[in-house]
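Undergrad: Need coordinates for the following:
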Amino acid sequence: TYSHAYFSRGRSQRDAESWIKLSRTFGGGLNFSVHYKTINNLGNYRFQRTKHNSLAAGIWWPVKKNYEIFLIYASNTFQQQDNGGITDPMFFDSTLYEGMISVPVLLDGDNSKTKNTKRDLQFAQYYTFGKTANRLFRAEHTLDYKTEIWKFSDINTATSDQTIETTYYGAYLTDLRGLRNYVKTNRVDNVFLLNTLPAKSDSLVKDNRFAAGIRHSLIWLEQEPLQDSLFNNLFLTGRFTFEPSKRLSLVANGDLPLLPKNGYRVTGDLKIDLGKVGVLEAGLLNQLHPPDYVQSTAYSTSRLVYNNNDFNQVLESTLKGSYSIPKLGFKATGALHVVNNYIYFGTNGLPVQTGDVVQVSQLMVQQNFKLGILRSENTVGVQQINNENIIRLPNWFSKNSLYIARSYFKRRLYATYGFDFRIN
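TA: As a prediction, the model looks like this:
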């Protein structure tokens, strides 16, 4: 049983982030937990605002020694008001500049709004049906129902001069009265796994773990002005864990599509604990997947904007490694991301597939300090991309936190308060 609360304020009362976590265990092992989070940001320029609310609640019930169930509900609502960006970067050097609120923006009004709503209800059950001296055999079943809605709208208030609207929206301005885009998906995921695991998880030798099963997804798509569409995805999925000791761990995951038969996904994670010397970690990702639906087809105000059926599958690879010394609060991480047939949205807002290889290199160093009740967490990173015309990333960034952490009321209340700094 515990309760956590967090609050961080920006430059005004409308710029704030807060969350609360509550958990309670009842008789018989029944546990209930809830997590609520809200983010408000007014933005630096006119007609800019973001609001995000999320709620997650879960129940864990160990019905029997060999059977337990989980019930989880999650809700996310994201709302954003856009201004289209500034009209002239040279305005900052003019005599008319009186702060960021005075800078002219492209969409001069509060009509451009985006709303994204997600709801997720998940039921999971685990049943141990067999046991030997060293191993357990368990069946896992997860049923997940998700619904998601994307909605964008903007009323065109321009009268005779449509230059700004046509320049900004381009091909998406299919109706001079304004824009509207509405997409809704209802999705049901069914996952069934059979796995083996060691009978004693706290043993010095953790042994091997293997899981294999199938995952089926049924997706209903509602998009104006089309009729509802139905999609089926069927995957073979597997997971292998090799842990001969507490100092060595290797985890591999794989997904192979059966319906439709295109693409795959393979991941691997390696961890080597060197004791006082530090910890070495490495990770690998390789996946081949078809273009996303939004990259292939788009409608605006019930009119077709594009329909790209000739895009090739996208091949992604990631290799990362890190070295850390937990006692010193130090960690260094390097990563290399390579994408073939990368799909991006150009300056005209339309999707483009490049035949060139896109490569991103990253190096991050984290150093945390602790002095009494004073805490300092610092992360500095540098990154480089081989084609800045496709993806624009800052060459460097820094994240720093300075705060006080201490306990009150005989260690029954733990509180942290301080400052966060971000720069790139």
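Undergrad: would you list every one of the strands in the stretch 1-150 of the chain?
TA: In the stretch 1-150 of the chain, strands defined by DSSP state E, counting those that start in this stretch lie at 2-9, 16-25, 31-41, 49-64, 67-81, 113-131, 135-155, listed in chain order.
Undergrad: And the helices in the stretch 251-400 of the chain, which stretches?
TA: For the stretch 251-400 of the chain, applying DSSP state H, counting those that start in this stretch gives helices covering 293-296.
Undergrad: ok, now which ones touch the closest residue to Ser33 other than its chain neighbours?
TA: The shortest distance from Ser33 to any non-neighbouring residue, by CB to CB, 6 or more residues apart in numbering, is to Ser23 (4.0 Å). C-betas here are computed from N, CA, C, even on glycine. Residues near Ser23 by CB atoms under 8 Å, 6 or more residues apart in numbering: 1-3, 31-34.
Undergrad: quick one on the thing from earlier: indicate which one of the strands of the stretch 1-150 of the chain is closest to Phe421.
TA: With CB to CB, the closest approach to Phe421 among the strands of the stretch 1-150 of the chain belongs to strand 2-9: 12.1 Å.
Undergrad: Could you export that closest one as PDB, CA atoms only?
TA: The C-alpha trace of strand 2-9 is given here as PDB (Å, rounded to 0.1, in the frame of the first residue of the first chain):
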ATOM      1  CA  TYR A   2       1.400   3.400  -1.000                       C
ATOM      2  CA  SER A   3       0.500   6.800  -2.400                       C
ATOM      3  CA  HIS A   4       2.700   9.100  -4.600                       C
ATOM      4  CA  ALA A   5       2.000  12.700  -5.700                       C
ATOM      5  CA  TYR A   6       3.900  15.000  -8.100                       C
ATOM      6  CA  PHE A   7       3.500  18.600  -9.200                       C
ATOM      7  CA  SER A   8       5.700  20.800 -11.500                       C
ATOM      8  CA  ARG A   9       4.800  24.400 -12.500                       C
END
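Undergrad: Tell me which residues of that strand come out buried.
TA: Along strand 2-9, not one residue counts as buried under the neighbour rule (16 or more other CB atoms under 10 Å).
Undergrad: Show me what that strand is packed against.
TA: For strand 2-9, the packing partners by 3 or more CB pairs under 8 Å, 6 or more residues apart in numbering; DSSP states H and E come out as strand 16-25.
Undergrad: mind listing what the residue nearest to the spatial centre of the chain touches?
TA: With distances taken as CA atoms, centre = their mean, Asn76 lies nearest the centre of the chain, 12.3 Å away. Residues near Asn76 by CB under 8 Å, 6+ apart: 52-54, 116-118.
Undergrad: per-residue confidence at Ala56?
TA: On the pLDDT scale, Ala56 is placed at 96.
Undergrad: scratch that, Arg422
TA: The model reports Arg422 with a pLDDT of 90.
Undergrad: So what pairs up with it in the strands?
TA: Beta-bridge partners recorded for Arg422 (DSSP bridges): Lys399.
Undergrad: Touching, it and Ser398? I think so.
TA: Yes - between Arg422 and Ser398 there is a contact at 7.4 Å, judged by CB atoms under 8 Å.
Undergrad: pLDDT weak spots in the stretch 101-250 of the chain?
TA: Counting by pLDDT under 70, the stretch 101-250 of the chain has low-confidence residues at 158-161, 200-207.
Undergrad: switch the cut-off to 80
TA: For the stretch 101-250 of the chain, residues meeting the criterion pLDDT under 80 lie at 108-109, 133, 157-165, 198-208.
Undergrad: how about the helices in it?
TA: Assigned helices in the stretch 101-250 of the chain, in chain order: 163-169 (criterion: DSSP H, counting those that start in this stretch).
Undergrad: buried sites along stretch 6-23?
TA: By neighbour count on 16+ other CB under 10 Å, the buried set for stretch 6-23 is 15, 17.
Undergrad: measure it end to end?
TA: End-to-end span of stretch 6-23 (CA to CA, to the nearest Å): 15 Å.
Undergrad: Same check on stretch 128-136?
TA: End-to-end span of stretch 128-136 (CA to CA): 7 Å.
Undergrad: Name the residues that touch that stretch?
TA: Stretch 128-136 is contacted from outside by 65-67, 137-139, 196-199, 207, using CB under 8 Å, 6+ apart.
Undergrad: Buried subset of the residues you listed, written for PyMOL?
TA: A single PyMOL command selects the buried members of the contacts of stretch 128-136 (16+ other CB under 10 Å):
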select buried, resi 138+139+196+197+198+207
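Undergrad: how about Gln384, what does it touch?
TA: Gln384 touches 360-361, 395, counting by CB under 8 Å, 6+ apart.
Undergrad: Buried only: go through those for me.
TA: The neighbour-count test (16+ other CB under 10 Å) marks Val360 as buried among these.
Undergrad: Tell me which of the contacts of Gln384 fall in strands.
TA: Counted as lying in strands by DSSP state E, out of the contacts of Gln384, are 360-361.
Undergrad: burial count for the residue nearest to Val339 when sequence neighbours are not counted?
TA: Distances taken as CB to CB, 6+ apart place Val358 nearest to Val339, at 4.5 Å, with adjacent residues excluded. Look at Val358: counted by other CB atoms under 10 Å, it has 18 neighbours.
Undergrad: how about Val358, what does it touch?
TA: 338-339, 342, 385-387, 390-391.
Undergrad: and Ala16, what is it in contact with?
TA: Taking CB under 8 Å, 6+ apart as the criterion, Ala16 is in contact with 7-10, 38-40.
Undergrad: What distance do you get for the residue nearest to Val339 to Phe78?
TA: Val358 is 27 Å from Phe78, where distance means CB to CB, to the nearest Å.
Undergrad: Just grab the bridge partners of Ser217 for me.
TA: Asp189, Asn233.
Undergrad: roughly how far apart are it and Leu22?
TA: The spacing between Ser217 and Leu22, counted by CB to CB, is 32 Å.
Undergrad: Likewise for Phe192?
TA: Here the distance between Phe192 and Leu22 works out to 32 Å (CB to CB).
Undergrad: pretty sure Ile390 is touching Val339, no?
TA: No - Ile390 lies out of contact with Val339 (CB under 8 Å); the separation is 9.6 Å.
Undergrad: Give me the buried positions along stretch 117-128.
TA: Buried residues in stretch 117-128 (16+ other CB under 10 Å): 118, 120, 122, 124-126, 128.
Undergrad: want to throw those residues into JSON lines with distance to Leu250?
TA: Converted to JSON lines, the buried residues of stretch 117-128 look like this (distance: CB to CB, whole Å):
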{"residue": "Lys118", "distance to Leu250": "34"}
{"residue": "Asp120", "distance to Leu250": "31"}
{"residue": "Gln122", "distance to Leu250": "28"}
{"residue": "Ala124", "distance to Leu250": "25"}
{"residue": "Gln125", "distance to Leu250": "28"}
{"residue": "Tyr126", "distance to Leu250": "23"}
{"residue": "Thr128", "distance to Leu250": "24"}
